[in-house]
Structure formats: structure tokens, C-alpha cells
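Visitor: Whatever this is, show me its structure:
(4 chains)
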Protein chains: 4
Amino acid sequence: MKKIGVVVTSRASYSRVKSVLIAIKNHKDLELFLVGGASLLLYKYGNAAEIMEKDGFKINEKVYMVVEGENPTTMAKTVGIGIMELSTIFDNHKPDIVISIADRFETICTAIAASYLNIPIAHIQGGEISGSIDEKVRHSVTKFSSIHFVANEYAAKRVRLMGEPKDTIFVTGCPSVDLAKDVLKDPSFMNSSYLYSKYGGTGEFVDIDKDFVVVMQHSVTTEFDQAYSQTKETIDAVYETNIPSIVMWPNMDAGSDAISKAIREFREKVKPTNFHFFRNLEPEDFLALLLKSKSLIGNSSVGVRECSFLGVPVINIGSRQRGRERGPNVIDVEYSKKQIISALEKYLSRNKPYPSVLLYGDGKAGKKIAEILSNVIPKIEKQFVE
Amino acid sequence: MKKIGVVVTSRASYSRVKSVLIAIKNHKDLELFLVGGASLLLYKYGNAAEIMEKDGFKINEKVYMVVEGENPTTMAKTVGIGIMELSTIFDNHKPDIVISIADRFETICTAIAASYLNIPIAHIQGGEISGSIDEKVRHSVTKFSSIHFVANEYAAKRVRLMGEPKDTIFVTGCPSVDLAKDVLKDPSFMNSSYLYSKYGGTGEFVDIDKDFVVVMQHSVTTEFDQAYSQTKETIDAVYETNIPSIVMWPNMDAGSDAISKAIREFREKVKPTNFHFFRNLEPEDFLALLLKSKSLIGNSSVGVRECSFLGVPVINIGSRQRGRERGPNVIDVEYSKKQIISALEKYLSRNKPYPSVLLYGDGKAGKKIAEILSNVIPKIEKQFVE
Amino acid sequence: MKKIGVVVTSRASYSRVKSVLIAIKNHKDLELFLVGGASLLLYKYGNAAEIMEKDGFKINEKVYMVVEGENPTTMAKTVGIGIMELSTIFDNHKPDIVISIADRFETICTAIAASYLNIPIAHIQGGEISGSIDEKVRHSVTKFSSIHFVANEYAAKRVRLMGEPKDTIFVTGCPSVDLAKDVLKDPSFMNSSYLYSKYGGTGEFVDIDKDFVVVMQHSVTTEFDQAYSQTKETIDAVYETNIPSIVMWPNMDAGSDAISKAIREFREKVKPTNFHFFRNLEPEDFLALLLKSKSLIGNSSVGVRECSFLGVPVINIGSRQRGRERGPNVIDVEYSKKQIISALEKYLSRNKPYPSVLLYGDGKAGKKIAEILSNVIPKIEKQFVE
Amino acid sequence: MKKIGVVVTSRASYSRVKSVLIAIKNHKDLELFLVGGASLLLYKYGNAAEIMEKDGFKINEKVYMVVEGENPTTMAKTVGIGIMELSTIFDNHKPDIVISIADRFETICTAIAASYLNIPIAHIQGGEISGSIDEKVRHSVTKFSSIHFVANEYAAKRVRLMGEPKDTIFVTGCPSVDLAKDVLKDPSFMNSSYLYSKYGGTGEFVDIDKDFVVVMQHSVTTEFDQAYSQTKETIDAVYETNIPSIVMWPNMDAGSDAISKAIREFREKVKPTNFHFFRNLEPEDFLALLLKSKSLIGNSSVGVRECSFLGVPVINIGSRQRGRERGPNVIDVEYSKKQIISALEKYLSRNKPYPSVLLYGDGKAGKKIAEILSNVIPKIEKQFVE
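Guide: Sure thing, here's the model as predicted:
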């Protein structure tokens, strides 16, 4: 039995790894060791740990590590705490391989703790391109990792360029697409009564059985000071078009407090009658909601990743996803009310979805990854291969 | 005035950055902000902080961060503490650029703290190849950095391959060679009376005005369990040749306790009459000592770096420097008494030094780096450039 | 010049030490070294650091240390971080004496960091009795301290019983009363237009030039699980009497999230038309507001301390202030809507304030404390004196 | 089943709690949850964790927490780390009661982590008097604790004076005396061949079947700067009398590095022929060794505690044990070569042991404590009782 350690630190990371967790749990040669940390445990960010537990996962160890302040300094300190505590946990529980998920700022904790302890790291979603601190974290994690599960050949090429040996790179597709595939098979469960009775949320009723959009705006930590104004610009644009909107509260990052403040102020001052707000939805529910929407507006990677598979129209704003491969379903705009409204008007008059594009995998990543994990004998010692 | 933050965490890092510190201090447009941390502050590792202060540097903030245990777990936890505290320091003192030195395990603290706080990082010694955790740390720091001061074109090429924009890579040579150059000009100050009156040390008298070798063995953290036996093999080999030896205590790393234990046991059991032991020498003194020696034996990067410039014969053991460019002055061997003795015998019978090779620079790196720092306008936001 | 270190970690602590800070700053033999930490720096808790800076204080070092979660675990971890970082700061800045303020959970950081570094501690507000974790922290800090500035003879007696030498105990009165005294001299500046133009706040307009009450409910960390229901009971009671209310958001403690949630839910569901909410008021403004109010309702120590001096009617709920000496202005009740309403009705029909009681000092504590600090030669080494 | 958490952080703490651990392990209603931390895990301090495991204890979680430097600052930081990590462990494993042992500086971690998490603390060895930071830590832990297991009526009285309710104080005797009692029954196993074959140690052979003394000198953290000279004075005195000596390396504390340095220098410079050095002995072996010795010299609490029961002559130096109740077997001296030699000469000419004194219990503390733990229903909420 190989013990596979996975540290899940946010709702976003859970979506990206859920199908892998299921496949590991079901694999006869693998044992799942789950650590829940950071914003995954916090009510304010939707307490995604509860959702995981309802999904049947046992979280073996929980680690509070978020230093409050939601600014660059506290983001760094959060990483410091995470490393300290994950080291103790890995030392006491000795996983054989540890999975590091994508590029959120705190995933570097997992990579450093495991790699310093000479535990090989398997990295999911390496080799992609984006903005924000994510761009640095992602490639840095690559250089700590012994196995790379990448979404597509573009990503594989970049991981290779960075000096990683060819036989450690596996193009499995992205596990987040696995969920999208399941949802696409039968999304009919999603409707207003399902959504509101399950989650409540706050704000006015938005009928999702009619036209609506979803807004999800995250912080760009390298543009930390602009989080407030960027969010205001986005919200104001949507508000001006009068389209009913579902707004998701942001992930925890430097700047997320400013985003929340912009949303709260909008709510209190404008008192909009067609906005509803959710802290967190289960991954599949969120995807099914997107499928019904006229557009996802914001800067989430879901827009370029899951939505390319789902064919959901996306208005992608600013630098956060800059450089990531994307399908025909994405319009890129700046933080400009004018550009956002213009793109939104185009989508509101459009009726059929975009074709599904397999840019980030075919929906079987979880099982492929589990199978490779069960067979691979990773090396700890690495060396740049030109 | 640009405020340049430098975090020096060990005697080794001090050697590598000393000429840069001098050049920054003397540059009219730059202000030096010095943080001393980790083993730099510890008596056991030679309290290099005192040496720096004697050299006229003011250490603005001191941070104890080494978690005791000298194993992989404590190495990781040391990083955690370092990040937490450097974040606070950078937040309170706001340097404009932070220099991250080379590849020691704790330099990742500097890189993460600065880069999460959106302070651009200038990295020295990126793009090189080696073994141990250093190989991972070095490239990881590259991916967090905005400016790269590399030793040679080989290194520059690899940094470029890793996706760094060409105009952020500067081939300045390695600042550690600057010191070597100064020493080479006039090494005559070094002799037995100078050495012993200045440092004392322990063990028997070894006359450095006659034939002797220098042994410096560091831990390979990814071969953590073998540190003891590797050191024993090395020491036994040297002892068998009967050549008088100067032994340096190891750097602080996972495994350094085991190295120290091997040395201590050798000393107590064998009671050798021609071995002397030092905790730390000032960088220039160490280089001058090497110049007088018949060989440097061990796995320090000094062997492939400064010694290629000095032309000192080197027996490089094991994987720690594997892959690094080297001159004709290096014989590579395994941890094998036989191989070490055979190489050593070759050197003992050799009388002239090797030619100086400019593989790691021409000795002017410090000033070049300071000058570039004063002119450059680094970007925080990065993106992989294929 | 004696350097006096003061670590201020919350708006509450600032009120309690403000007059001391002024007196130190103005004392010719004392130098003030200010550290701002924990919730003092957080927007969510009113960013009291900004208020301090507006008041003319320079905060020498800022330390983020609050681990998010607002539960017992994160409260403990916050203490851990605080100790780590304050140790570094005290080591680098070497204050001669450090002041530890009262009994908030994070003040133990200051006491431990200073006392382990052999810096004598002067404790303000020792010897009092209360509930919650405060009761443990307060007496524990006493046992780390070398000088005790207590509010009254009752407190002095208890500090003496705990083994502290008589000549280290000074009955100076409580510095928070100093502010109350200033406000009592001329509270006329406070009125609706002053309050709302200065702070804004959220919710409906409450005319403070007419009858109103103030509600301030903090968490009892040892009754952590009941924070939500306790708050609900309090708010519901006040709401039922129909009296316009000013509600203060809670301090940061285990349970404060649940208190905030109870308030938010009340606001969103009930949509009350005569409630207004503030994050933070400057200390003097808060006291002047209390002076105009019909009652302070909740469990703050302000009710038994400053309000006894001001003569403001107080409804003190639950165990948090249990045991603290109090004047005739306090009615103690349980978390019972009935009891709260009954007490409130008594106050609403009452028109004159209670007489000022000097239970916590005569309003000159700040200057007395500064003067003693300038003269005292505290001992680090202690021993229980029976 | 009640889950009893015990955090053991040093060899000294292990001796003090071993009989309690056995009694808990054997009690049908109790479950033992063991955490090993700090110097218990370090080779340099004798890796007492290995001894515990050989004794049949399973250490459930291990936590490295010692920040290297052995000075006041690192001592404080060690506490910070300890609190952070113990909080996570207590949160994940939820012991019903946590035992805090005695007064070593790091035991405050256990007290704070547990008490902030609302887990009741049972404190062993409260109410005693001493010097060093221990004096502050001990009483501080008392104020965090819900149950007090004290050694004698003197201690009980002081705990009561400090405001603790009478029914929470149990005079059980000190568990360290339990071990002494066992050893006293049959100490015949101890002799030179047993000792050296089991532990080795370093230095020359000292025949313990002839006259010898034991030297154990710990740091007084509040006299941190004098650790080196104090140790030198002690060692020089013993050396001058020419009596063969067994020297124990010190506990880990601020100053222990200086003590070690004094011992090392003595060894290297003087090259004594009748000194032997041990890092750590199992508790019973150490006590049996003391029984055979002419005297224990130094400042350990073993001298006033276990040795009063064993009747071993003790020369107690300096302030560290000042104020602790002691039997007729103790001569108190200052750090004065003259006084130490004079006391030692008295003992060397004395042939019978002192009578056993039951000042610290009758040797049944472990079982009494386990039994009380199984019955007691401790309260978390406390209040000073005059």
C-alpha cells in the first residue's frame, strides 16, 4: 500500500483534486491521507471542509494556518505557518508521495514541507501560464516535484523546458475537467429550488431558470492595491446591464478583503434587487450553475479551464489568466466597464453554447493519475536536464 | 536611494555575497539593509555574524530561526520560521529589491517572503546544476526572481530555458570569485602563525607552511541517512595517507549533526596527531589557506567554483556538485576510500597549481551587480517566456 | 533614558493604556517603543492602529499575528506566533522595561517574550477577578511580572497573596479611568452629527441626542460554543424593548465570529429600523457616547470599570465580569431575555446618572505610572513571598 | 475512557512523570496520549525519546520545537513554536485532560495550548519555590491549571494562597520520588561494568565501585551571562579535590551552550584523567548512580527532591533551588571554589548516608494521580478564591 498524502487548502483546490481523491480512495494499492488546511476550514470562505466530509472523505489532520489581514505580508506568513505544521504532520505520518495541487499561494507549503523531508511530490496543473503570484508559485512547485500531471501538451512542453526529465511528465488532463464531464452528462438537477434550499445565501432572489450571469472575481496579489477598484468596475458593469446576477465571494488571498468590501458596499449602498450572493457551492453544483448561465464574468481559471469543456461563455477580465490556453468561449477584456458591458451584450444575445473543447483533458484524469501513482517509483534526487 | 535588502544566513552565503555587500555599501545610489539569520548567528557554526561586524557591516536585524535536530523535518521548519519573520521585517522596513543568495535550503525563505510581499528579487548563482536539495531550491528561487545575476553563459542559458525573459538575465560572474581574485593577488599573509593566533581551533598543530590538505564535507540532504558513513569514508581515507589535514566543521543542514559526530568520534577514538579543526574562517583566509594546500577534499561548491579560479587541486566526492561546470583542477570520485586515496596520491606528487580558469567570472561581479541594481527597474509581475 | 516597550494588540488595550502612552511620551527620562499587533492592525476590528497614528503615536514595529478561525485553537496559535515575533523584536530593540496590558488572551505573548528575554515586565490591571480565559491570563501575567500597577486595594491584596513582594505593587488606579475623567470634564462635543460624520458605520440612523442604549457583547472563550446564542438572546431582548440601539462589533476572540454572525443575521432577517453598527470608536468618543446613553448592555469590562466612574447605568450579562469589584451602576443578569428586559425597563425610566465611584482610580494613573517607571529599578529574578 | 494527554519535553520531565505514565497506561479507565517534544528528541541532550520507547511507551506525536541558540531569545521562540504545534495536535486528538509537568520553560506551551483550547490542565509540582525562569513558569502554570498534584503541604498552601480552590489541590507527593523508592529497594544492579557497557559516554574511566562524585550543572536563565563562569568555578573546584567525577551534560536552556563550552574546554585543555561524561542516563540508572556516589554537586532539583528521599549528600550551588524545601542532606553554597571544596571535603570524609526524608512524598504518587484523574471532573472556568 502506498500512502498518498494530499493537502487541500481551499474550495478551489478541492474542485481541482476531487476526482483524484475519489480514484485514490477506490484504488486497491493506494491509501489516502488527507490534510485539510487554510481557508478550507473557514466559515468565511464557505467551510469547504464540511462539504468534503459530507462527500465521504475523512480529513485526517486539520491545520489552521491563515494569518488574518488578507494582505501580502499575511499571505507570506500563512505560508510560513503551513510549512512548520505540515512538516510535523508529514514527519509523524510519513506519506510515500505527496500531491501538490496547482498554484494557489499556499500550495508552496506542501511542496516545501514534503520535498525537504525527502518525500516525492506529484504536482497537478504544472506548466500552465497565468498572472498573479500563481505564476511564480506554479513553476516553483514544478522545480520541487518529482512527478508532473499536466493538462495538455503545451504544459508538458514547458515543464520539459524547465529541465524536468521527460519520463516524469504525464499528460493526464486536468482533474477539474472530470467533474465538468460528469455534470455535462446530466445537469438537469440544477434549478432555483434546488439551489436555494441547499445553500440559502444572501441577497435577493435570482431566478436561475431564467437568464442570469455568474460573477466571480479573485484577487491578483501582484496588483493587490487595485483589488477594490477592479471589483467595483466589474460589479458596476454587470449592474448597469440589468442582468440578474449570482455573485460568489472571493477566495482567500491578499486583496480578498478589499474585494469583499467592494461587494458589501455595493450591496449596502445600491441595494440591488437582482443580485444574490453565495460563499461556496459544491464543485458540481457550481459547474451546473455555470451551464445554465449566460456567462461567467471575472478572472477565475474555471473560465478558461472547466468552461472550455462545458462551452460556457466567459468574460475574462485582466491579467490573472493571461497566457493560459483557452477555447473560443472566452472574451478577454480589461478592467473597463465599457469593455465588460460590450462583451456581456454579445453573450446576452447569443443562445447556443460553445462547442466543448478538450484543451484541459477528456475527463478521465483522476483515474489516470491514481493508476500512475500506484505504479511509479519516483526519484527524490533531481537534476536539470537540458 | 534604492534600499537593497540582503539576508545572510550562513558563513557560506557571506563568502558568496561579500563583494556585493561592499559594492552596495559604497554605491552612492544604494542603501544596504542587512538581515542576519539562521546559522550565521550560531557559535556552533562559527558565528559568522561577528566576522561580518568586524568587517564593518551593520546587521540591521537578527533572526534566530534554526530548529534544532539537523534532520529533514527541522530543516523544513526552519524555513517556515524564516518566512514568518522575514515577512514581518520586510513589511516594516520595505526594501526596494531583495537579494537572494545561491541555493542553501533557507534562501527560499528570502525568496518567498519578498516575492509574496511584491518586492522584486535579484538572485545570485541561478542556473547552475548540482545535487542535494540545493538543486531544487536554486531553480525554485529562479522562478520567484525578477533579476538574475548568473556566473556564466551555461547558467544563463538554463535560466532562459526556464522561461525567464532574456533582458532580466545578467552574466556578471560569481561574486565569490571576486574574493578569490583579491586573495590571488597577494596570498602571502597566510602562514601557520597567522592562522593559529587568529583562530585557535582544536586538535593538534598542523604546519601549513609544509604539505597539508583541507577537508570540508557537507551534508547531502537527499542522502541524509548516509551523512555519517560518507564522512567516515572521507576522513578514513585522508587519515590513511598520513597527510596532515585541516578539517572544517560542516555547514548547518539536515545531516550536519551526523557529520560532526563522525568527526568527533574519529578525534576521540583515533586521537590523530596531524589533524586540526576549525569552525569557521573568514572567507579570504579560507581561500588563502586553500591556495597553500595540496588539495581540497570534500563536496563543497568552493571546489568547483573558487578553486577553478585559484587553480587549487580538488577531490570532489559524491553527488553534491554533480552537473556543475568545472575546470581541470577537479577529480570526481565516489565515497570510496580507494578512489579518494588514489586521487589524493596523484595530487600529493604534483607540484604546480592548475591554471586559473574563468568559468565563474573574472572577479568583478560585486561592482557589476551593484551597478545593475542601481539602474534596473524590475517587474514584479512575471510570465513564462518560451 | 529608559526605553519602555509597549505592545498594543487591540482597540480595547489601547483605551486601557492610552494615558500611559501619553505620559511616557512626555516624560523626559523615558523613551516610548511601540509595537502594534494582532487585531489592532485589522480593518475588521476597526483598524485601531490608524487611530493611534492619528493620535500622534509612531508605531515602531507592526506584527500580524492573528490566525483566522476565531476559535480556541486559532486563539492559542495566535499566541504562539506573537511570542515568536515579539522575541525577535525585543531582541533587536532591547527595551529596558516592557508593559503588559491587562488580560486579553494575547497579552501573554508580551509577558512571555519579555520575561524569557530577562526584560522586566510592568503589568497594568493585575489582581482583578473575572471570568473567561482572561481570569487565567491575568494572574499568569502577574506571576511573570516584576512591577504591578493595580487599580485598587482589592487588586493589590490579591497580587500580594499570589506571592508578589509588597514593594513591587503600586496602587495607581486604572489608566482607562484617566480617559473617563477627561471626557467627564466636557462631553458636550458628542452628538449625532459629530458621530456619524466621523465614523459612518452601517445600519439605520439612531439619534443619539434622544434616548438610546449601547450594546457591546464580547465572547467568553470558555463558553465558546454559546457565543451565538448568548448574543442572540441579548440582541432580541434589546430589540423587544424598541429602544434605539448602537451596537459595537465584538473584539477578536474565540467566538467573535459567532457573535458577528448573530448580529449579521439579525440585521439581515429582522431589518431593524433603529439599530446602528460601529466597528470601532476612538476611546474618548466611545466614553462620551456611553455618557449620553440610557445604558450599556453586554459584558464589557468598560461597564464595571469606566462606567463606575462615569455613573453610566450598566446591564452586565453572564460570567465575563463575574467577581470584579463594581459600583451601584451595575445590574447583573444572566443570558435571559426576561432579565435583560426587566433591567432595561428600570433604566429607561430612570433619569439621573449614578454617582461617580472611584473604585478604579481617580484619573491620574498614566502620570503616576510613568513617574514610577522612571524611578524604579525592577528585579528580573523573583521568588514567591508568603 | 478518559484520554490523558501528556507532553514530555526533556529527560528531566520524563523522570518526573514516568511513574504517572505507567499508572495511566495500566489504569482501566484511562487512555494515554503521549507527545514527545523539544530536547526529548535531540541526540545532543541524550535523545530521551528513545529511552521512553525502550521503556515500552508509544509516543503518538513528535514535535521538533527547539530554536537553536540556547539564549533567552531562542528559549522564548521555542515556546512560541511549541504552542502553535501543540494547539494543532490537541485540536486533532482532543485529550480530555492534559498534564503539565513541573516548571521547565517549555512546559508553559502545554499549559497555554490546552487551556486556550478549554482542555483542563492537571499540574504536577506546583507550589514549590526556586530561582531561574522556573519560578515564574511554575506559578504561571498553576494559574492556568484546574487540578494541582503537589508534593507536600508547603506547596499546597502556596497554591491555595494563589487563589486556587481547595478541592482542586491534591497532596500526592512528587512522582519522581516513586522512582527513587524503587531504586532504593534494590540498587545493587549499578556498577562500573553495567554503566559503561550500557552507555559508553566519553572521557576517562571512572570506577564507580570506588569513591566518586556526580556533577550536574544547569543554566539559570535569569543569570544567563554567568553560565560559563559558574560552570568553570564548579568544575575547577571538583578537579582540585582530585576526586573522580562523573559529569552530566546540561539540560537544554538558555545558557546550556555556555555550560557545554566550559566543560568541553576543561576537557580539552586540562585533559583530566579522572572525569567521565554522559549525555543522558535512564532515570533509575541515574538515581542508582547517585546512591553510590559520595555527593551530587550542582544545582539540579534532583538534589533537593529525589536525594532527600535517597539520603544522598548534596552540594547545592547558587540560586537555582533557592527557597525549595530541603532535607538535612543538602549543603548550600555560592559559586565559590572555596565553599564548594570545603563542603566536598566534609562529604568525602563522611561514610554513612543521610536518613531518608519524606519531604516530597512517600513514593506512591503515580498511582494516586492516575486514580484521581480517573475520578475527577475538572472545571475549565476558574475564579480566584481568597
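Visitor: Leaving out the residues flanking it, which one is nearest to A:A155?
Guide: Distances taken as C-beta to C-beta, 6 or more residues apart in numbering or on different chains put A:G127 closest to A:A155, at 3.1 Å, once the chain neighbours are dropped. From N, CA and C alone the C-beta is placed, and that goes for glycine too.
Visitor: My read is that the one you found contacts A:H148, right?
Guide: Yes: at 7.1 Å, A:G127 counts as touching A:H148 under the criterion of C-beta atoms under 8 Å.
Visitor: residues shared between the contacts of those two?
Guide: A:T142, A:A156, A:V159 (C-beta atoms under 8 Å, 6 or more residues apart in numbering or on different chains).
Visitor: I'd like the average pLDDT over the helix or strand where the second one lies.
Guide: What it means is A:A156. Secondary structure from DSSP states H and E places A:A156 in helix A:153-161. The average pLDDT for helix A:153-161 rounds to 98.
Visitor: what about A:P95, how many neighbours?
Guide: 22 (other C-beta atoms under 10 Å in any protein chain shown).
Visitor: Could I get the contacting residues of it?
Guide: Contacts of A:P95 (C-beta under 8 Å, 6+ apart): A:K3, A:I4, A:G5, A:F33, A:A114, A:I119.
Visitor: where's the fourth one relative to chain B, distance?
Guide: Think A:F33. Going from A:F33 to chain B by C-beta to the nearest C-beta, to the nearest Å gives 17 Å.
Visitor: what's the answer for the third one, then?
Guide: As judged by C-beta to the nearest C-beta, A:G5 and chain B stand 14 Å apart.
Visitor: before we move on, back to that, how far off centre is the helix holding A:A156?
Guide: Computed by C-alpha atoms, centre = their mean, to the nearest Å, the chain-centroid distance of helix A:153-161 equals 21 Å.
Visitor: hang on, the earlier thing: quick one: the residue nearest to A:A155 is in a helix?
Guide: No: in this structure, A:G127 is coil, not part of a helix, as judged by DSSP: H, G, I helix; E, B strand; the rest coil.
Visitor: so what pLDDT did it get?
Guide: pLDDT at A:G127 comes out at 98.
Visitor: List the strands paired with the helix or strand A:L34 falls within, with their directions.
Guide: When elements are assigned from DSSP H and E, A:L34 belongs to strand A:30-37. Using DSSP bridges, strand A:30-37 pairs in its sheet with strand A:2-8 (parallel), strand A:61-63 (parallel).
Visitor: Buried residues in the first one, which are they?
Guide: Spelled out, that is strand A:2-8. A:I4, A:G5, A:V6, A:V7, A:V8 (16 or more other C-beta atoms under 10 Å in any protein chain shown).
Visitor: again, but for stretch A:209-218
Guide: So, applying 16+ other C-beta under 10 Å, buried residues of stretch A:209-218: A:F212, A:V213, A:V214, A:V215, A:M216, A:Q217, A:H218.
Visitor: and that stretch, average pLDDT?
Guide: pLDDT averaged over stretch A:209-218 gives 96.
Visitor: how about the spatially closest residue to A:S308 that is not a sequence neighbour, what does it touch?
Guide: Leaving aside its sequence neighbours, A:S308 sits nearest to A:G327 (C-beta to C-beta, 6+ apart; 3.6 Å). Listed by C-beta under 8 Å, 6+ apart, the contact partners of A:G327 are A:V304, A:C307, A:S308, A:Y354, A:V357, A:L359.
Visitor: so A:G327 sits in a strand?
Guide: No: using three-state DSSP, the assignment for A:G327 is coil, not a strand.
Visitor: Model confidence score at it, please.
Guide: Confidence score, pLDDT, at A:G327: 94.
Visitor: With the one 4 residues further on instead?
Guide: Model confidence at A:I331, given as pLDDT, is 97.
Visitor: Appreciated, that's everything.
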